[in-house]
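K.L.:
turn this into a model:
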Amino acid sequence: MNSTEKARLYWGDNLPDWIRILAEECDKTSQGKVAARIKYSKATISLVLKNDYKGTIAAVEERIRTVLMNSTHECPVFGEILTRDCLFNQAQPFSNSGNPNRIRLFRACRQCKFNRTKENVDV
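P.N.:
Predicted coordinates:
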């Protein structure tokens, strides 16, 4: 049984789009390769496909949407941006290099609703 069949068996008619994408990616390569790509374990991937994951499923969904589905959202500095680019920008330390975009991003990211690196901070 491939991953897509497994997902359909365990999720039934309520198969979310992100689970379908996860299963299809596993079928193209392997659960291990997909797990490494999204930085979760093979066991987690298996449990998610079986609809039996006891952890925070929303976190897994977000990672799948970010890495495998190229999700986007609105950035106050750049407009529409890939979520993975947003997360990369958030993780960058402040650098007063004179680059106005880096300075604007640093300030905007700290207050942005998509900030995942720390609590939003008033600047």
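K.L.:
all the helices of the protein, residue numbers only.
P.N.:
Assigned by DSSP state H, the helices in the chain fall at 3-11, 17-28, 31-38, 42-49, 57-67, 83-91, 100-111.
K.L.:
chain center to the fifth one: distance?
P.N.:
The reference is to helix 57-67. Here helix 57-67 is found 4 Å from its chain centre; the criterion is CA atoms, centre = their mean, to the nearest Å.
K.L.:
same check, this time on the second one
P.N.:
Mean C-alpha position of helix 17-28 versus that of the full chain (CA atoms, centre = their mean) differs by 14 Å.
K.L.:
and it with helix 42-49, angle?
P.N.:
Angle, helix 17-28 to helix 42-49, by axes from the mean of the first three to the mean of the last three CA atoms, to 10 degrees: 130 degrees.
K.L.:
got the contact list for helix 17-28?
P.N.:
With CB atoms under 8 Å, 6 or more residues apart in numbering as the test, helix 17-28 has contacts from 2-4, 6-8, 11, 34, 45, 48-49, 61, 64-65, 68-69. Yep, even glycine has a C-beta here, placed from its N, CA and C like the rest.
K.L.:
can I get stretch 87-97 in PDB, CA atoms only?
P.N.:
Extracted C-alpha coordinates of stretch 87-97, given in PDB (Å, rounded to 0.1, in the frame of the first residue of the first chain):
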ATOM      1  CA  LEU A  87      10.700  32.500   8.300                       C
ATOM      2  CA  PHE A  88      14.300  32.900   7.000                       C
ATOM      3  CA  ASN A  89      14.000  36.700   7.300                       C
ATOM      4  CA  GLN A  90      12.600  36.400  10.900                       C
ATOM      5  CA  ALA A  91      15.600  34.300  11.900                       C
ATOM      6  CA  GLN A  92      18.200  36.900  10.700                       C
ATOM      7  CA  PRO A  93      19.900  38.900  13.500                       C
ATOM      8  CA  PHE A  94      19.700  42.700  13.300                       C
ATOM      9  CA  SER A  95      22.400  44.200  11.200                       C
ATOM     10  CA  ASN A  96      22.900  47.900  10.900                       C
ATOM     11  CA  SER A  97      24.600  47.400   7.500                       C
END
